[in-house]
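S.K.: The amino acid sequence is not available; the structure is as follows:
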């Protein structure tokens, strides 16, 4: 089967640490392209920079302007390469416009298996088949969010009141997630998964697009094949901004990625 | 009264976005200088880069090598300046050695007062006078951690079992914090406060220095005068690394800073 994801985040080396990308209109949301999709594209380029260090461990992205479908350049730089990890930098540009600037630590997650003492607890959710698919979103939403055609997302019914005009007010969303074609997840994909759900502000009765200022993701292990569970929470909506904490758990019950972003609260729609 | 803090983080512009610093031996801990002190020094230089945007809003630091007392250079760069915020970059170097590379969003926190809908709850702790001062640490600890002479830190007795050889195992520390001279806190100081407590791994029975790979701090408001409350938690010790989440609350009961760092678990001492 054709796996569209690998094509969407594909990059071609053009020399001197630069990579050409062709951003797809398949990841449109609100006024731009999904920030997670863009981060995976950058992360894919960074995975090719240092031999033997293909995996993101920590990635910090500062979003400068909204990206648009079409050609883009990822310019990479090795800040420091030594020992088991490398610190890298990247800039995504379109023409003369800077879109995203990134710092990252890359390494080999196979070397990080080791001892696991996770005290965080996996999201408690009904089975996939009892959750609410994103395909139930109304056409007017799907038309401005083509990304919803890219994956199978099943919301925990306990966190979906906002879709019925009854947000819980607690600042919590969670869902099952899997890319089209039942593609099994990998570390680069996780950079997208941490920003794929609707903004957690939906659950506070604040619908609309929430532009990310900064997002840092930690990838803590290679995910096992199968469905992922994704949880978003916020606890500090203040001064026109909010933090959004994300956890991604794999089918083996391991916390494989954690992220936090700082975003602007949505403007009323 | 002489306020040593302002001298310790002081920088002098030397042209073309560069600032000279003289790192003090007053912030030594383990094999280097405290990462929070270094981040405040960098943050102080960045506060001078764009007029009208003196306050850190988001700061991401990647630690490359251990800093040592003595001269250092902070090289800054404006990535994008537009609207109410500016995205900045900085590198701290000593001679030819890169120590820390940073991305940051700066602005004016006075403009971000606005609506506050914080659902996080402030640390519940006994009054300052009933908590355990860091001055009770044994001399062999204080000798390798001169930073403890820089501030008054009072640990919640409920989270101090590790000092008596009885760590709780929950991964939680909390304390009152105030700089020497009862200096009132400001946004630049908060960049240090998020990394001033001992590593949260002390509470897991893993004493020792925990080198930070990456730390991102969000400063959400100007702190009110007086004591700060600082909380550290971890929930995912795995693969030789752990995340440490920090909250800083001011004397008015506002959550003024949140940070997360990814660090290596301490080597046995």
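M.R.: Nice, thanks for sending it over. Since we're looking at a predicted model, the values are computed, not measured.

S.K.: how far away is residue A:217 from residue A:211?
M.R.: Remark: distance between residue A:217 and residue A:211 (CB to CB, to the nearest Å) = 17 Å. Quick note: C-beta positions are derived from backbone N, CA and C, even for glycine.

S.K.: Between these two, tell me which one has more neighbours.
M.R.: residue A:217 (29 against 17; other CB atoms under 10 Å in any protein chain shown).

S.K.: With adjacent residues omitted, what lies nearest to the more buried one?
M.R.: Take residue A:217 and drop its neighbours on the chain: the residue closest to it by CB to CB, 6 or more residues apart in numbering or on different chains is residue A:259, 4.0 Å away.

S.K.: Give me the three-state assignment for the one you found.
M.R.: Following DSSP: H, G, I helix; E, B strand; the rest coil, the label given to residue A:259 is strand.

S.K.: tell me which residues form a beta bridge with it?
M.R.: residue A:217, residue A:246 (DSSP bridges).

S.K.: Make sure it is actually in contact with residue A:214.
M.R.: No - with contact defined as CB atoms under 8 Å, residue A:259 does not reach residue A:214; the gap is 10.6 Å.

S.K.: who's more crowded, those two?
M.R.: residue A:259 (26 against 23).

S.K.: Next, the contact list for that one, please.
M.R.: Contacts for residue A:259 (CB atoms under 8 Å, 6 or more residues apart in numbering or on different chains) come out as A:194, A:195, A:215, A:216, A:217, A:218, A:245, A:246.

S.K.: Reformat those as a markdown table; add pLDDT.
M.R.: Formatted as a markdown table, the contacts of residue A:259 follow (pLDDT from 0 to 100):
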| residue | pLDDT |
| --- | --- |
| A:194 | 98 |
| A:195 | 97 |
| A:215 | 98 |
| A:216 | 98 |
| A:217 | 98 |
| A:218 | 98 |
| A:245 | 98 |
| A:246 | 98 |
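
S.K.: Break down the stretch 101-250 of chain A into its strands, ranges please.
M.R.: Shown for the stretch 101-250 of chain A, the strands assigned by DSSP state E, counting those that start in this stretch span residues A:116-118, A:132-133, A:151-155, A:172-179, A:212-219, A:228-233, A:236-238, A:241-249.

S.K.: so which of the ones you listed is the most packed in?
M.R.: Comparing the strands of the stretch 101-250 of chain A by mean neighbour count (mean count of other CB atoms under 10 Å in any protein chain shown), strand A:212-219 ranks first with a mean of 26.

S.K.: Could you list the residues in contact with that strand?
M.R.: A:35, A:39, A:55-63, A:109, A:187, A:190-191, A:194-195, A:241, A:256-264, B:57-58, B:60, B:85, B:103, B:105, B:214, B:216, B:218, B:243, B:260, B:262.

S.K.: I'd like to check the angle between that strand and strand B:241-249, please.
M.R.: With axes from the mean of the first three to the mean of the last three CA atoms, to 10 degrees defining the directions, strand A:212-219 sits at 140 degrees from strand B:241-249.

S.K.: got a list of what residue A:169 touches?
M.R.: Taking CB under 8 Å, 6+ apart, one finds A:203, A:204, A:205 in contact with residue A:169.

S.K.: mind checking pLDDT for residue A:35?
M.R.: On the pLDDT scale, residue A:35 is placed at 97.

S.K.: wait, residue A:36 sits on residue A:190?
M.R.: No - counting by CB under 8 Å, residue A:36 sits too far from residue A:190 to count as a contact (9.2 Å).

S.K.: neighbour count winner among those two?
M.R.: residue A:190 (32 against 28).

S.K.: what's the residue nearest to residue A:192 when sequence neighbours are not counted in contact with, if anything?
M.R.: Nearest non-adjacent residue to residue A:192, counting by CB to CB, 6+ apart: residue A:36, 3.7 Å away. Taking CB under 8 Å, 6+ apart, we find residue A:36 in contact with A:191, A:192, A:193, A:194, A:195, A:196.

S.K.: nearest to chain B, of those residues?
M.R.: For these, the residue nearest chain B by CB to the nearest CB is residue A:194; the value is 12.8 Å.

S.K.: I'd say the closest one and residue A:246 touch.
M.R.: Yes - under the criterion of CB under 8 Å, residue A:194 is in contact with residue A:246, at a separation of 4.5 Å.

S.K.: Spit out the residues that contact the two alike.
M.R.: A:230, A:257, A:259.
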